[in-house]
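Engineer: fold the following.
(one chain, ligands or ions: 2)
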Amino acid sequence: MEKNSSNMIHLTADSPNKPETVCIFGTGDFGRSLGHKMLQCGYSIVFGSRKAQTSSLIPKGIEVLSHAEAAKKSNIIIVAIQRDHYNFLSELTEVLHGKVLVDVSNNLKINQYPESNAEYLAQLVPGAKVVKAFNTVSAWALQSGTLDASRQVFVCGDDSKAKEMVMGIVRTLGLTPLDQGSLLAAKEIENYPLQLFPMWKFPIYLSLGLSAFLFFYCLIREVIYPYVYENKNVSFFVVISIPNRICPIVALILLALVYLPGVIAAIIQLQRGTKYSRFPDWLDKWMLCRKQLGLVALAYAFLHVLYTLVIPIRYYVRWKLNSYIISQIQNNRTDPFNYSTGWHSDSYLALGILGFFLFILLGITSLPSVSNNVNWREFRFVQTDPSHELGKAGRGTHKSSKIQTTTVATLLYNHIVNTQAVSHCNV
Ligand SMILES: NC(=O)C1=CN([C@@H]2O[C@H](COP(=O)(O)OP(=O)(O)OC[C@H]3O[C@@H](n4cnc5c(N)ncnc54)[C@H](OP(=O)(O)O)[C@@H]3O)[C@@H](O)[C@H]2O)C=CC1
Ligand SMILES: [Cu+2]
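Structural biologist: Residues are numbered from 1 along each chain as shown. Ligands and ions are numbered 1, 2, ... in the order given. Okay, here's the model as predicted:
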């Protein structure tokens, strides 16, 4: 595989034993950190700077030259300068002709400029092959060697050879390059570090909203109403009983919402008679956060399981059971065993257990670290890949063969419906 060749340092064609020289413009935080890391990985580095003196901050063994001189020494130039200061590069058009220019810049706001920084750079230096990379790696992480957040480096560019060269460097640094296609993808890549859990926002707000609504509903029905009309104080219900009622309902609603957009999308496609037109924006966004919706639903189901497991040790439950037994004794009466209740109770618990088990299976396989370890057939066996749909969401190919999701939903639905008959939540 290509992995072997790319893990080695790239040697220049003319001098096979000398490592490739890479030029970095800008001796700021990021330029220095990247230079230091690349030096460690065996590259020969030269800095291009406005001031050609060496400061103590510059890693030993790296030359600092003027921009033009430094650029002449290498075919790859990493531009570690803020976008606002790019204009001087247009004067270097001649020197930079045919060279690979790597744009690492980030913005302060999403969509700060009309065009991406990388495209702007390509306009400034028309003869250069611009590649976008490294913007998702922080200077601090490079320096401390603690790349704990993500080893993924998004790379995009119009020239495939230039892109391949940059991806080689990324791999040599021990990072994982992800080819995102042409320079048109640069805008998305630049917006990426500015986003804070973009796909999680909607699922989390929705689940919190639903929980709050259901909480007040249950509070009125089960605590305030008995208090007002029967003068019964069961306010402690807010601690376990009511949450345990909310959790399964929210979980099931969210699970249904994972499903619903696929159905709506199918209806839209049938109506339009084509699957090659874009879905409305709201549907697109909804589709893209299905995986997160599913995982939040799983979290709620998990809470429900925990709340349910503690039922036998609750004081209120034990007291209720005891007083029931005592009242039988006092009345000298034995309630007969009810077979249908026996069946009901066991079967809804079994449905809950199986549904929860499959739900966990779905959740686990949707984690990237797990799905990377199974092949696509194995994956399809468990679920349809949400990220597979992620890439195509806008273009409208949706294979909704979510047999497993259907099973989970059906099992859990039956579990909840049966709960009405013999409830573990009624205590
Ligand atoms: N810091 C980080 O963690 C990350 C930074 N980046 C990106 O890397 C780039 C550099 O960031 P960072 O190193 O933090 O920024 P700094 O402000 O630390 O450094 C920027 C460097 O740009 C050069 N520069 C400044 N003004 C001019 C100018 N008018 N003309 C020419 N060169 C100039 C200077 O180098 P000199 O004095 O040598 O000329 C300066 O050291 C930015 O685009 C940033 O978005 C991307 C990912 C992470
Ligand atoms: Cu339940």
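Engineer: for Pro177, which three-state class applies?
Structural biologist: strand (DSSP: H, G, I helix; E, B strand; the rest coil).
Engineer: quick one: pLDDT of it?
Structural biologist: On pLDDT, Pro177 comes in at 90.
Engineer: what do you get for the one 3 residues further on?
Structural biologist: Reported pLDDT at Gln180 in the predicted model: 90.
Engineer: how many neighbours does it have?
Structural biologist: Residues near Gln180, counting by other C-beta atoms under 10 Å, number 19. Backbone N, C-alpha and C define where each C-beta goes, glycine included.
Engineer: residues touching it, list them.
Structural biologist: Taking C-beta atoms under 8 Å, 6 or more residues apart in numbering, we find Gln180 in contact with 154-156, 188-189.
Engineer: and which of those residues is nearest Phe213?
Structural biologist: For the contacts of Gln180, the residue nearest Phe213 by C-beta to C-beta is Glu188; the value is 34.9 Å.
Engineer: on that earlier part again, would you format the contacts of Gln180 as TSV with distance to ligand 1 included?
Structural biologist: Formatted as TSV, the contacts of Gln180 follow (distance: C-beta to the nearest ligand atom, whole Å):
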residue	distance to ligand 1
Phe154	12
Val155	14
Cys156	15
Glu188	16
Ile189	11
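Engineer: in ChimeraX, how would I select the buried members of the residues you listed?
Structural biologist: To isolate the buried ones among the contacts of Gln180 in ChimeraX, judged by 16 or more other C-beta atoms under 10 Å, type:
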select :154,155,156,189
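Engineer: report the two of the contacts of Gln180 separated the most.
Structural biologist: Put simply, by C-beta to C-beta the two of the contacts of Gln180 set farthest apart are Val155 and Glu188, 12.5 Å from each other.
Engineer: quick revisit: now, which of the contacts of Gln180 lie within helices?
Structural biologist: Per DSSP state H, helices hold the following members of these: 188-189.
Engineer: any low-confidence regions in the chain?
Structural biologist: 1-18, 53-54, 145-150, 196-197, 368-405, 418-427 (pLDDT under 70).
Engineer: how does it divide into domains?
Structural biologist: For the chain, the structural domains run 2-194, 198-419, going by automatic domain parsing.
Engineer: can you convert the ones you listed into TSV and add a column each for distance to ligand 2?
Structural biologist: TSV is the format used below for the domains of the chain (distance: least, C-beta to the ion, whole Å):
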stretch	distance to ligand 2
domain 2-194	37
domain 198-419	5
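Engineer: if you compare the ones you listed, which one is most tucked away?
Structural biologist: Each of the domains of the chain was assessed for mean neighbour count using mean count of other C-beta atoms under 10 Å. The highest is domain 2-194, with a mean of 18.
Engineer: assign the residue of the chain most remote from its centre to helix, strand or coil.
Structural biologist: Largest separation from the mean C-alpha position in the chain: Asn332, at 61.9 Å (C-alpha atoms, centre = their mean). Using three-state DSSP, the structure places Asn332 in coil.
Engineer: so what's it up against?
Structural biologist: If you count contacts by C-beta under 8 Å, 6+ apart, Asn332 has none.
Engineer: do you know how far it is from Thr308?
Structural biologist: Asn332 sits 34 Å away from Thr308, taking C-beta to C-beta, to the nearest Å as the criterion.
Engineer: so which bits of the stretch 101-250 of the chain are right by ligand 1?
Structural biologist: Contacts of the stretch 101-250 of the chain with ligand 1, taken as C-beta under 6 Å from any ligand atom, map to 104-106, 135, 138-139.
Engineer: as a markdown table, these with secondary structure would be great.
Structural biologist: Formatted as a markdown table, these follow (three-state DSSP):
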| residue | secondary structure |
| --- | --- |
| Val104 | coil |
| Ser105 | coil |
| Asn106 | coil |
| Asn135 | coil |
| Ser138 | coil |
| Ala139 | helix |
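Engineer: name the residue of the stretch 151-300 of the chain that lies nearest to ligand 1.
Structural biologist: Residue of the stretch 151-300 of the chain nearest ligand 1, by C-beta to the nearest ligand atom: Pro193 (7.4 Å).
Engineer: where along the stretch 301-427 of the chain do the helices fall?
Structural biologist: Using DSSP state H, counting those that start in this stretch, the helices of the stretch 301-427 of the chain run over 315-330, 339-365, 368-371, 376-382, 386-392, 403-419.
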